[in-house]
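# Predicted model follows, preceded by the sequence.
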Amino acid sequence: MTGQSAARWRPLRLPLRRSRRPFPPVDLTLGRWVPGWLLNAAAAVAVPALVLLAAGRTGLPTTPAVLLALALAAWAAARPGPGPGHTAVAAAAVILLGSTAAPFDPAALWLAPLGYAAVRLGWWAAHVGPRTRVELAALRRAGARDLVVAGTGAALGLGAWALAGRPVEGLLALGVAALAALAWFVVRRHDGE
Amino acid sequence: MSGTEPAGHQLRPPADVERIGARAQRPASPGTGRWARSPYAVAGIATGVLVLGLGLLTGRADVALLGVPLLVGAVWTGRPGAWGAPPPATPARAELAADDRPATPGELTATLILDPPPAAELVLARVSAPGHRPTVVVLPAGRRALDLRLHTVRTGPQRTFRGDVQAIAGGGTTVSDASTVTAPDRIVLPTAMPLGRVPLPRRLQGLTGPHTARRLGDGDELRDVHPFTPGDRLRRVDWRTTARRSPDLETLYVRRTYATAEATAVLVLDSRDDVGPDLRTWRGTGTQRVDEATSLDLARHAAASVAGALVAAGDRVGLEDLGRSRHPLPPASGRRHLRRVLHALALSRAVGSPARRLRPPRLPADAIVYLFTTALDDEPLAMVRAWHAHGHQVVVVDTLPDVRPATEEHMRMAWRVTRMEREDRLRRLAAEGVPVVRWAGRARETAPVVLETLVRAAERHAGAPPPPRVSTGGHR
């Protein structure tokens, strides 16, 4: 386009651009906050990272792991929700079965908190939009609980690491009983509700 | 209020806001208060059991460990500060309290008070307002007041805030139903631009006022010196003239003055149209922007400015709304009446589809008419002609905002036809001697100058200006 014709169209383009302006936002007073897109981005990073790091502990070929990680990242970015995070944890568990450090891979001590972090970031990504303002105090409050949960898992993991490779009679029965107790606990509280 | 803004300034955001109705809050949908387990908890339990079971079956504690945090996080309902809290049961409450007065001009404020149940960990709040982008925030749970603000240049009845609040228990395991609250509607009074002199009627009818009339009476303007007649006030005796003309005091001479009078103006607001610069909103679809004045906002602003100038000079102002078939506001003067005029202006808007008027509104004799219209149809033109035929002076204030060009071909064509018809109407009015003052865009800055020009032209027509039949706005 020549300079002359560009100058002729400029007065028309400016009002057109003006008509497409977004509406002004409602303003409100908040403490220090972070934009929601940061949490969206963190969720989209944490999910594939879990799969890739778990795959790094095994002899799994790189290509399938990367493809799976990319698919989960795309899922987490496009449709944030409970699906990507939990699928990544399940995939990481399956991948970890092929770990060369059997019977207990110490990487599980940080893979477990990372999996939980991926799930929680997925929760945040599903509940906040890119423009949502998340107060740092809210992140701190939720983060404190998440630290306790992850710490509990790590403590159990340390105990399991200490016992790994040693036959402990009744440990399997204890695990099954724990699962049954958990199922009963959940069903009792939420039957019919 | 009126008369505080330098002439030629941009349309100032509305300064005065009042609440409609007596209720300070109006819950639109309080919500049932039901709490439900979130899909995350269900997925967490399912995945945790699956992974834990896989680890147990394969005898791999490291694999089972991956499922432990998911299970703990999904089952445990505690949160920081209430580690052993049971699942929440009471609803999340919220209130929207509207402030009666804005903090700054053009700003509407309210306070959103959040009161989630003790077991809640986070609160998700979405605050919206017409013509604004909603703002979503995530806050730590706890009783809290959020100050809300929105900026608008619109006047008249305004819908304000709506808040949707949802509480979330520890770890997002359970969530409550969203409860909705709305703030009461507000009336935003129009502001006024200080004007200089504005045109007044040729003949003054009032018995007293700021202007010099043609008849005898109490005033400052000397008419003549005349022999004393019964009824003359003794303080009017001109002793110097009496001593010169009648040394033996057989005849007393008095100084006679012109009476003072007030002018009467009727503001006629054509509220049948309320169109903005965006053609796409003219059919009632789409949201009009709050940072752009519509034709009705401009009409309110112009009418408030003219009313302010007239009342400041002591003249009488009445108001007629073409969009409503109700009794007009009769002409009166004074600041309290100006307040009434501003309220009536703010409430002026078309109700339903206004019926076509068979006759133009009746006006007081010798009143000047200020017609605020978009001139998008022929009805104002017919009214102006009728008033003109009855001897009323008419000033038309064109309040159509600067329309943005449309991108759609059919809309561009429709606007082209409408614009040509409108320009034709305004040209005909000007040819018939009716002054047209544009009030939109940059033309608003020069409106006081145009009005001053009309005043001077009226003075020239009236000859020498001993009785200055114009009003001053009190700001120059």
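On my side now, so go ahead. Residues are numbered from 1 along each chain as shown, chains lettered A, B, ... in the order given.

# residue ranges with poor pLDDT in chain B?
Scanning chain B for pLDDT under 70 picks out B:1-33, B:85, B:87, B:100-105, B:203-217, B:259, B:261, B:352, B:354, B:462-476.

# domains in it, as residue ranges please.
B:3-34+B:88-187, B:39-77, B:215-261, B:264-462 (automatic domain parsing).

# Where does the stretch 351-476 of chain B get nearest to chain A, residue-wise?
Closest contact between the stretch 351-476 of chain B and chain A, by C-beta to the nearest C-beta, is at residue B:404 (4.4 Å). Bear in mind the C-beta positions are built from the backbone N, C-alpha and C, glycine included.

# what helix or strand does that residue sit in?
Here residue B:404 sits in a region with no helix or strand, counting by DSSP states H and E.

# one step back: same list, the domains of chain B, but as CSV with mean neighbour count please.
Below are the domains of chain B laid out as CSV (neighbours: other C-beta atoms under 10 Å in any protein chain shown):
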stretch, mean neighbour count
domain B:3-34+B:88-187, 20
domain B:39-77, 23
domain B:215-261, 14
domain B:264-462, 19
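
# Would you list the phi and psi of the spatially most central residue of chain B?
Taking C-alpha atoms, centre = their mean, the centroid of chain B lies closest to residue B:155, which sits 1.6 Å from it. Phi and psi for residue B:155, reported as degrees, to the nearest 10, are phi -120, psi 170.

# same check, this time on the one 4 residues further on
The phi and psi values for residue B:159, taken as degrees, to the nearest 10, are phi -80, psi 140.

# ditto for residue A:151
Per degrees, to the nearest 10, the backbone of residue A:151 is at phi -60, psi -40.

# Kindly present the domains of chain B as TSV, with separate columns for distance to residue A:28.
As requested, the domains of chain B are arranged in TSV below (distance: least, C-beta to C-beta, whole Å):
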stretch	distance to residue A:28
domain B:3-34+B:88-187	5
domain B:39-77	27
domain B:215-261	54
domain B:264-462	16
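
# Figure out which of these is closest to residue A:70.
Across the domains of chain B, residue A:70 has its closest neighbour in domain B:39-77 (21.0 Å, C-beta to C-beta).

# now the end-to-end length of that closest one.
Using C-alpha to C-alpha, to the nearest Å, one end of domain B:39-77 lies 15 Å from the other.

# re earlier: wait, the residue nearest to the centre of chain B sits on residue B:346?
Yes. Distance between residue B:155 and residue B:346: 6.0 Å, which falls inside the contact criterion (C-beta atoms under 8 Å).

# do you know which of the domains of chain B lies nearest residue A:145?
domain B:3-34+B:88-187 (5.6 Å).

# and the closest one, how far from the chain's centre?
Its chain's average C-alpha position is 21 Å from that of domain B:3-34+B:88-187, according to C-alpha atoms, centre = their mean, to the nearest Å.

# A helix includes residue A:105, no?
No. Residue A:105 sits outside any helix when classified using DSSP: H, G, I helix; E, B strand; the rest coil, being coil.

# Can you name the residues that contact it?
A:57, A:96, A:99, B:62 (C-beta atoms under 8 Å, 6 or more residues apart in numbering or on different chains).

# Spatially central, which residue of chain A would that be?
Short answer for chain A (C-alpha atoms, centre = their mean): residue A:118, at 2.1 Å.

# element containing it, please.
Going by DSSP H and E, residue A:118 is part of helix A:108-127.

# now do residue B:180
Using DSSP H and E, the element containing residue B:180 is strand B:179-182.

# do you know how far the residue lying closest to residue A:90 once chain neighbours are set aside is from residue B:356?
Nearest residue to residue A:90 in three dimensions, chain neighbours excluded: residue B:47, at 5.6 Å (C-beta to C-beta, 6 or more residues apart in numbering or on different chains). Using C-beta to C-beta, to the nearest Å, residue B:47 is found at 69 Å from residue B:356.

# Give the other helices and strands that the host helix or strand of residue B:372 contacts.
Element membership for residue B:372, per DSSP H and E: strand B:368-373. On a contact count with 3 or more C-beta pairs under 8 Å, 6 or more residues apart in numbering or on different chains; DSSP states H and E, strand B:368-373 meets strand B:264-269, helix B:295-312, helix B:379-389, strand B:394-398.

# Please dump these into JSON lines; it should also carry distance to chain A for every row.
Formatted as JSON lines, the helices and strands packed on strand B:368-373 follow (distance: least, C-beta to the nearest C-beta, whole Å):
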{"stretch": "strand B:264-269", "distance to chain A": "27"}
{"stretch": "helix B:295-312", "distance to chain A": "16"}
{"stretch": "helix B:379-389", "distance to chain A": "27"}
{"stretch": "strand B:394-398", "distance to chain A": "20"}
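
# can I get those in TSV with distance to residue A:39?
Formatted as TSV, those follow (distance: least, C-beta to C-beta, whole Å):
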stretch	distance to residue A:39
strand B:264-269	51
helix B:295-312	40
helix B:379-389	56
strand B:394-398	51
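
# so which of the ones you listed comes closest to residue A:90?
Of the helices and strands packed on strand B:368-373, nearest to residue A:90 by C-beta to C-beta is helix B:295-312, at 58.6 Å.

# Report the contact partners of the residue nearest to the centre of chain B.
B:14, B:188, B:189, B:190, B:191, B:296, B:297, B:300, B:301, B:345, B:346.

# Of all the domains of chain B, which one is nearest residue A:163?
Closest among those, using C-beta to C-beta: domain B:39-77, at 7.5 Å.

# Now find how far off-centre the closest one is within its chain.
60 Å.

# now stretch B:407-415
30 Å.

# for residue B:35, phi and psi?
According to degrees, to the nearest 10, residue B:35 has phi -110, psi 140.

# hmm, back to that, list just the one of the helices and strands packed on strand B:368-373 that sits closest to residue A:26.
Among the helices and strands packed on strand B:368-373, helix B:295-312 sits nearest to residue A:26 (C-beta to C-beta), with 20.3 Å.

# Give me the helices and strands touching the strand holding residue B:180, please.
Using 3+ C-beta pairs under 8 Å, 6+ apart: strand B:179-182 touches strand B:26-29, strand B:93-98, strand B:162-169.
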